[in-house]
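> quick check, what structure comes out for this input:
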Amino acid sequence: MRTKVAILGRTFIANISVLLVLAAAIIFIYAGFAIGNLVGLIVLGVVLLLLAYLLSPSDSGGGN
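Residues are numbered from 1 along each chain as shown. Coordinates of the predicted model:
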């Protein structure tokens with residue numbers, strides 16, 4: 001049981017930056033929808049475009 005918890009902890013620490021980016025994206029989307037539906041949809045589109053760019057596995061784009 002301790003090894004599973006240790007593996008989970010290491011995985012969480014290794015991916016903390018990704019989790020923080022996703023949390024920030026969720027907060028921006030929520031704030032956009034709190035202002036209005038149209039603003040929320042625009043913010044959602046921009047966030048999805050940025051995430052797609054960051055996750056794209058090409059040499060010229062984002063990703064690793």
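> helix or strand for Ala24, which one?
Assigned by DSSP states H and E, Ala24 falls within helix 16-35.
> and that helix, average pLDDT?
Mean per-residue pLDDT for helix 16-35: 93.
> buried ones in whatever helix or strand comes next after that helix?
The first helix or strand that comes after helix 16-35 along the chain, using DSSP H and E, is helix 37-55. For helix 37-55, burial by neighbour count (16 or more other C-beta atoms under 10 Å) applies to 40, 43, 47. From N, CA and C alone the C-beta is placed, and that goes for glycine too.
> state the distance from Val39 to Val21.
Here the criterion is C-beta to C-beta, to the nearest Å. By it, Val39 lies 21 Å from Val21.
> what sits closest to Val47 if chain neighbours are left out?
With sequence-adjacent residues excluded and distances taken as C-beta to C-beta, 6 or more residues apart in numbering, Val47 is closest to Ala25, at 4.7 Å.
> show me what contacts the residue nearest the centre of the chain?
Central residue of the chain (C-alpha atoms, centre = their mean): Leu22, 2.3 Å from the mean position. By C-beta atoms under 8 Å, 6 or more residues apart in numbering, the contact set of Leu22 is empty.
> same check, this time on Leu41
Contacts for Leu41 (C-beta under 8 Å, 6+ apart) come out as Gly32.
> how close does it sit to Ala34?
According to C-beta to C-beta, Leu41 stands 13 Å off from Ala34.
> ditto for Ala52
Distance, Ala52 to Ala34, by C-beta to C-beta: 24 Å.
> which ones are touching the residue lying closest to Ile42 once chain neighbours are set aside?
Closest residue in space to Ile42, ignoring its immediate chain neighbours: Gly32 at 6.9 Å, by C-beta to C-beta, 6+ apart. Residues near Gly32 by C-beta under 8 Å, 6+ apart: 39-44.
> switch to 6 Å and redo it
39-40, 43 (C-beta atoms under 6 Å, 6 or more residues apart in numbering).
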